[in-house]
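> here is a sequence together with a model predicted from it:
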Amino acid sequence: GLCLGMSHRHSRKVGLALSLSTGRVSPQFHCKHDDLFETRRKSSGNPPTHSMWQAKAGFVSAEDIRSDLQFGQVTETVHDRSQDEVEEQPDLPPLDDDDATDPDTSEMLAMNSERLLKRFLRYVQIDTTAQEGAESYPSSPGQLELGRVLVEELREMGASEIEQSECGIVTATLPANVENAPGTVAFNAHLDTSPETSGTNVRPQVIRNYGGGDIVLPRDASKVIRASDNPELAELIGKTIITSDGTTLLGSDDKSGVAVIMETAAWLLEHPELPRGRVRLCFTCDEEIGHGVDHVDLKQLGATVCYT
């Protein structure tokens, strides 16, 4: 799958695996993070019981992702490994037996992993580093810039009630397509990245058909994701992995979450035949420096529950 990532300190709260190739969610594992140039996995047998789960990005099937991406400073790497050497990966369990056997449902559940990858690569190249001690909110102008990008994309996909507040918080609505929906579900991710490592001039490295072994980050050979330290890399053979170039963080915390929520919104709007209640989206600022919810208006958000 596509290794999107998030920070290690959040990973202990994750108990969901999201397969965007099937659209199914499974209470197994895992998340990846890149902010310290590492890759780790947190596994759990059951989903956490938090009222707001830290459910970020999991694995995305990248088998159909084409290599024609043109995102300025994206490094493309393809490992030379014959197909018969690639370890077969088990599928995530289906939601139920009917979904597993119904070809129409399976086709409907397929999500656009190529478009998801493009979103992610686009977002990480906008510098949204949170600034400790800043007198403004948000603490860095890049967060406003990324918010404006999201507003435009939400308009293009047909979302409604799209707003970017003076504090940079972006909200939008996917209207219910059924009557008497019992409540409103919100999805939240934050736009800022950690100030602990530079987020300026992020150059993603896209490694396709990973062949195993250590991953050297291309612009700093001293930064190596070692297979001996990260045994879960063996599970990604034949898959696509994204890292930074070694001079910056990648920004998967939380632009992986931003990309997944945006792609999910687009997918839901493209599938009006799938019944849904009202869905709200909320993208916040300055989470990394402890101010992520300072300016969230819960009444304006109008959600019954929120997944973050």
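That came in fine, so what should we check first?
> rest of the way, CA atoms for contacts and neighbours
Will do.
> contact partners of stretch 258-270?
Stretch 258-270 has contacts (Cα atoms under 8 Å, 6 or more residues apart in numbering) with 56-57, 111-112, 115-116, 119-120, 123, 154, 157-159, 174, 187-191, 274, 281, 283.
> repeat the analysis, applying 6 Å as the threshold.
Residues from elsewhere that reach stretch 258-270 (Cα atoms under 6 Å, 6 or more residues apart in numbering): 116, 119, 120, 157, 189.
> among the residues you listed, which lie within strands?
Taking DSSP state E as the definition of strands, the contacts of stretch 258-270 contribute residue 189.
> now for the contacts of stretch 258-270: which two are most distant?
Across the contacts of stretch 258-270, the longest distance by Cα to Cα is 18.6 Å; it joins 157 and 189.
> on that earlier part again, let's see if you can find the most crowded of the contacts of stretch 258-270.
Using other Cα atoms under 10 Å as the neighbour test, the contacts of stretch 258-270 are led by residue 189, with 26 neighbours.
> quick one, what contacts it?
By Cα under 6 Å, 6+ apart, the residues touching residue 189 are 257, 258, 283, 308.
> between those, which is closest to residue 178?
Closest approach between these and residue 178, by Cα to Cα: residue 308, at 24.3 Å.
> lowest-confidence entry in the contacts of residue 189?
In this model, the minimum pLDDT among these belongs to residue 308 (93).
> surely that one and residue 190 touch.
No - the criterion here is Cα atoms under 6 Å, and residue 308 misses it with residue 190 at 8.8 Å.
> these two: who's more crowded?
Higher neighbour count among residue 308 and residue 190: residue 190, with 24 against 17, using other Cα under 10 Å.
> from residue 251, how far out is the nearest residue to residue 191 once chain neighbours are set aside?
Excluding the flanking residues, the one nearest residue 191 by Cα to Cα, 6 or more residues apart in numbering is residue 285, at 5.4 Å. Noted for residue 285: a distance of 14 Å to residue 251, by Cα to Cα, to the nearest Å.
> same check, this time on residue 155
Distance of residue 155 to residue 251, computed by Cα to Cα: 24 Å.
> what's the neighbour count on residue 270?
By other Cα under 10 Å, 12 other residues sit near residue 270.
> list the buried ones in stretch 124-142?
In terms of neighbour count (16 or more other Cα atoms under 10 Å), stretch 124-142 has its buried residues at 124-131, 137-142.
> what mean pLDDT does it get?
97.
> what about it, how long is it end to end?
For stretch 124-142, the end-to-end distance is 11 Å (Cα to Cα).
> next one: stretch 295-308
16 Å.
> which of the residues in that stretch are buried?
295, 296, 301, 303, 306, 307, 308.
> so which of these belong to helices?
Using DSSP state H, residue 301 are the members of these that sit in helices.
> ok, of the buried residues of stretch 295-308, which one's closest to residue 243?
For the buried residues of stretch 295-308, the nearest to residue 243 is residue 308 (22.9 Å; Cα to Cα).
> count the neighbours of the nearest residue to that closest one once chain neighbours are set aside for me.
Computed as Cα to Cα, 6+ apart, the closest residue to residue 308 that is not its neighbour in sequence is residue 188, at 4.6 Å. Residues within reach of residue 188, counting by other Cα under 10 Å, total 22.
> contacts only, for residue 188.
By Cα under 6 Å, 6+ apart, the contact set of residue 188 is 282, 283, 308.
> cutoff 7 Å now
281, 282, 283, 306, 307, 308 (Cα atoms under 7 Å, 6 or more residues apart in numbering).
> again, but for residue 292
Neighbouring residues of residue 292 by Cα under 7 Å, 6+ apart: 284, 285, 286.
> could you export the top helix by length along the chain as PDB, CA atoms only?
Across the chain, the helix with the greatest residue count (assigned by DSSP H) is helix 252-270. The C-alpha coordinates for helix 252-270 follow below in PDB (Å, rounded to 0.1, in the frame of the first residue of the first chain):
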ATOM      1  CA  SER A 252       2.100  13.100   7.000                       C
ATOM      2  CA  ASP A 253       1.000  14.300  10.400                       C
ATOM      3  CA  ASP A 254      -1.500  15.400   9.400                       C
ATOM      4  CA  LYS A 255      -1.600  15.900   5.700                       C
ATOM      5  CA  SER A 256      -2.300  12.200   5.300                       C
ATOM      6  CA  GLY A 257      -5.400  12.800   7.300                       C
ATOM      7  CA  VAL A 258      -6.300  15.900   5.200                       C
ATOM      8  CA  ALA A 259      -5.800  14.000   2.000                       C
ATOM      9  CA  VAL A 260      -7.900  11.000   3.100                       C
ATOM     10  CA  ILE A 261     -10.800  13.200   4.300                       C
ATOM     11  CA  MET A 262     -10.800  15.200   1.100                       C
ATOM     12  CA  GLU A 263     -10.700  12.100  -1.100                       C
ATOM     13  CA  THR A 264     -13.400  10.500   1.000                       C
ATOM     14  CA  ALA A 265     -15.600  13.600   0.600                       C
ATOM     15  CA  ALA A 266     -15.100  13.600  -3.200                       C
ATOM     16  CA  TRP A 267     -15.900   9.900  -3.300                       C
ATOM     17  CA  LEU A 268     -19.100  10.200  -1.300                       C
ATOM     18  CA  LEU A 269     -20.300  13.100  -3.500                       C
ATOM     19  CA  GLU A 270     -19.500  11.000  -6.600                       C
END
